[in-house]
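Trainee: Quick one: sequence plus predicted model below, questions after.
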Amino acid sequence: MSRTAHVALLPGDYVGPEVTDVARTVLEALAPQADLTLTFTELPFGGAAIDAHGEPFPAPTRAALADADAVLLGAVGGPQDHPWNALPREQRVESGLLALRAHLGVFANLRPVVVHPGLERLSPLKPEVAEGTDVLIVRELTGGIYFGTPSHADATRGVSTMVYERSEVERIARVAFDAARGRGGTVTSVDKANVLDVSQFWRDVVIGVREAEFPDVTLEHTYVDAAAMKLASEPTAFDVIVTGNLFGDVLSDLAAVLPGSLGLLPSASLGGDVGLFEPVHGSAPDIAGRDLVNPVGMLGSAAMMLRHALQAPDAADALDAAVQRALADDPTVDLGGTRGTAAFRDAVVDALAVPTPARTPR
Ligand SMILES: NC(=O)c1ccc[n+]([C@@H]2O[C@H](COP(=O)([O-])OP(=O)(O)OC[C@H]3O[C@@H](n4cnc5c(N)ncnc54)[C@H](O)[C@@H]3O)[C@@H](O)[C@H]2O)c1
């Protein structure tokens, strides 16, 4: 029997609606062959919502999310000189993003970083070093030094506090171990346990979760400084990285440059009742409305939605495979290919008709 799922679509600003349109078209083409019935509701969010409702995450959008099985977000924000940026901080688009994540209760941010076959030349690393990179960074999103107290600054002193509760470490560790089971079977926990008590605590809790619940997964530990060096020199050494909020913030941005284009990177934020799926890139006002935006990060996010929120792993594999085929055939302009956004979308839809090869764990 066909399964039904309801997707809240938050297009956002500038290229945001362009990439969510691509995702919707591709998902609508995929759904029948995956025996899925997908319905979509478009909701104002970000700058578009400021214009329509006076705030970035307005009450009607908030209320409509209650009916959603997943949230697919384009991108929000405007160019630096846009009047949205002159608003008080709590009314700006960034506050809307934070409020959305808090509303959904998502504590785990998943960022897969893949150097796609045939696109190694785009990486800032030597092609032979970049080749085969396929790492999933699992970042704790709602705890750690960004939220710990005390936190204050005056003319003589600044203080921030890194705190982790056992339950916070356990739940993010479970997300990472669970993800590793569907991939290469190895988790690298990144900390600074040689210096920070909170990191030693983190390490001990992660070890405990593995021993009690995931003995089949291999666990390694790396200090954050060594992890940064290794990501830039031997990224294929990693399968799944799990780390706290601050270290994850830095490492995920470092890793984001490895594929060679921001437009390639998807993300998922999980942990609440409803997951949030969005490309890593911003609203790219410089290329908006010109058929230039690369939708691969958005389509990867849609595949993560199928896998993590809609329990449709085969459909996710089919979508990922179709994107790979379209990339291999002729990528988008930003990757040195000839296809604009619409032509790439059509190529992915065509590629969906080709049977998906069986998935091989990496
Ligand atoms: N989660 C989000 O919605 C999010 C994330 C980052 C930035 N932003 C916002 O986006 C706006 C623009 O920010 P920015 O310019 O610093 O970052 P950006 O990611 O929008 O763009 C950086 C550069 O990468 C290019 N680029 C980005 N995505 C691309 C894609 N899919 N295909 C091809 N090229 C792509 C852009 O053209 C630009 O030259 C700002 O308002 C910023 O606050 C939003």
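Mentor: Perfect, I can see it now.
Trainee: ok, and the closest non-adjacent residue to Leu73?
Mentor: Of all residues not flanking Leu73 in the chain, Glu278 sits nearest, at 3.9 Å (C-beta to C-beta, 6 or more residues apart in numbering). No exception for glycine: its C-beta is placed from N, CA and C like everyone else's.
Trainee: and the closest residue to the ligand within the stretch 251-362 of the chain, which of the three is it?
Mentor: Closest contact between the stretch 251-362 of the chain and the ligand, by C-beta to the nearest ligand atom, is at Gly282 (2.4 Å). Taking DSSP: H, G, I helix; E, B strand; the rest coil as the rule, one finds Gly282 in the coil state.
Trainee: So in the chain, which strand runs the longest?
Mentor: In the chain, assigned by DSSP state E, the strand with the most residues is strand 3-12.
Trainee: next one: it to chain centre, how far?
Mentor: Its chain's average C-alpha position is 17 Å from that of strand 3-12, according to C-alpha atoms, centre = their mean, to the nearest Å.
Trainee: which other helices and strands contact that strand?
Mentor: helix 15-30, strand 36-42, helix 47-53, strand 70-75 (3 or more C-beta pairs under 8 Å, 6 or more residues apart in numbering; DSSP states H and E).
Trainee: For the following helix or strand past the third one, list every residue counted as buried.
Mentor: Read that as helix 47-53. Under the assignment DSSP states H and E, the closest C-terminal helix or strand after helix 47-53 is helix 59-64. Buried residues in helix 59-64, defined by neighbour count with 16 or more other C-beta atoms under 10 Å: 61, 64.
Trainee: Disregarding flanking residues, what is the spatial nearest neighbour of Glu315?
Mentor: No, residue 315 isn't Glu; it's Ala. In space, Ala315 is closest to Ala34, 3.6 Å off (C-beta to C-beta, 6+ apart).
Trainee: quick one on the thing from earlier: which residues does the residue of the stretch 251-362 of the chain closest to the ligand contact?
Mentor: 75-77 (C-beta atoms under 8 Å, 6 or more residues apart in numbering).
Trainee: How is Gly184 assigned, secondary-structure-wise?
Mentor: coil.
Trainee: So which residues of this protein form strands?
Mentor: 3-12, 36-42, 70-75, 108-114, 134-140, 148-153, 158-161, 186-191, 218-223, 240-243, 266-270, 275-279.
Trainee: possible to save the ones you listed as CSV with mean neighbour count, mean pLDDT and distance to Gly96?
Mentor: What follows is those, written out as CSV (neighbours: other C-beta atoms under 10 Å; pLDDT from 0 to 100; distance: least, C-beta to C-beta, whole Å):
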stretch, mean neighbour count, mean pLDDT, distance to Gly96
strand 3-12, 21, 96, 9
strand 36-42, 16, 97, 16
strand 70-75, 26, 98, 10
strand 108-114, 23, 97, 17
strand 134-140, 25, 98, 20
strand 148-153, 10, 94, 22
strand 158-161, 12, 96, 24
strand 186-191, 24, 98, 30
strand 218-223, 17, 98, 35
strand 240-243, 28, 98, 26
strand 266-270, 24, 97, 14
strand 275-279, 27, 98, 12
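Trainee: which one of those lies closest to Ala48?
Mentor: Ala48 sits nearest to strand 3-12 of all these, at 6.5 Å, using C-beta to C-beta.
Trainee: Using PDB, write out the CA atom coordinates for that closest one.
Mentor: Taking C-alpha atoms only, strand 3-12 is exported to PDB below (Å, rounded to 0.1, in the frame of the first residue of the first chain):
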ATOM      1  CA  ARG A   3       2.500   5.500   2.000                       C
ATOM      2  CA  THR A   4       1.600   9.100   2.400                       C
ATOM      3  CA  ALA A   5       3.800  11.800   3.800                       C
ATOM      4  CA  HIS A   6       3.400  15.500   4.100                       C
ATOM      5  CA  VAL A   7       6.300  17.900   3.500                       C
ATOM      6  CA  ALA A   8       6.400  21.500   4.700                       C
ATOM      7  CA  LEU A   9       8.300  23.400   2.000                       C
ATOM      8  CA  LEU A  10      10.000  26.600   3.200                       C
ATOM      9  CA  PRO A  11      11.500  28.200   0.100                       C
ATOM     10  CA  GLY A  12      13.000  31.300   1.700                       C
END
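Trainee: Leaving out sequence neighbours, find the closest residue to the residue nearest in space to the middle of the chain.
Mentor: Centrality entry for the chain: nearest residue to the mean C-alpha point is Ser267, 1.0 Å, by C-alpha atoms, centre = their mean. Leaving aside its chain neighbours, Ser267 sits nearest to Arg111 (4.9 Å; criterion: C-beta to C-beta, 6+ apart).
Trainee: Just the residues contacting stretch 283-297, thanks.
Mentor: 12-16, 18-19, 22-23, 46-47, 74-79, 82, 261-266, 279-281, 323, 327, 332-335, 340-342, 344-345.
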